[in-house]
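Chemist: Give me coordinates for this.
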Amino acid sequence: MGAVKNYMMDVEEEIFSIDGIEQKFGEAEDISEVENFVIDKLGYTSSFDIDIAKGVISNHWNDYWGCYI
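Modeler: Numbers count the residues shown, from 1 in each chain. Coordinates of the predicted model:
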C-alpha cells in the first residue's frame, strides 16, 4: 500500500477510536456537528487532515442514515 493510503487508514482508525463517536452520529442534527466534534477532539489543523476526516465522516454518515431511508 502507498503511504497516503496508510495515512488515510490511520486517520479513519483515530476517528473511530473516539469514545462516543457512534452515539454522536445518531444524535447529531447534521453532518457538520460530527465533523466539528471529530476535528476538535483530534486537534486537526491542516486542511489535508481535515479533508480526510470529513471524507471518512461523510461515508459513515451516509451508511448510518442510509439504513433509515
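
Chemist: what's the neighbour count on the closest residue in space to residue 42 that isn't next to it in sequence?
Modeler: Distances taken as C-beta to C-beta, 6 or more residues apart in numbering put residue 14 closest to residue 42, at 5.8 Å, once the chain neighbours are dropped. The C-beta positions use only the backbone N, C-alpha and C, and glycine is treated the same way. A count of neighbours around residue 14, defined by other C-beta atoms under 10 Å, yields 16.

Chemist: Same check on residue 52?
Modeler: 20.

Chemist: for it, helix, strand, or coil?
Modeler: helix (DSSP: H, G, I helix; E, B strand; the rest coil).

Chemist: Which stretches in this protein count as helices?
Modeler: Secondary structure of the chain, counting by DSSP state H: helices at 3-16, 21-27, 31-42, 47-66.

Chemist: could those be laid out in JSON lines, adding mean pLDDT?
Modeler: Shown next, in JSON lines, are these (pLDDT from 0 to 100):
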{"stretch": "helix 3-16", "mean pLDDT": "95"}
{"stretch": "helix 21-27", "mean pLDDT": "93"}
{"stretch": "helix 31-42", "mean pLDDT": "96"}
{"stretch": "helix 47-66", "mean pLDDT": "94"}
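
Chemist: can you tell me which residues contact the residue nearest the centre of the chain?
Modeler: Centroid check for the chain by C-alpha atoms, centre = their mean gives residue 57 as the closest residue, at 3.2 Å. Counting by C-beta atoms under 8 Å, 6 or more residues apart in numbering, residue 57 touches 15, 31, 34, 35, 38.

Chemist: That's all I had, so thanks and see you.
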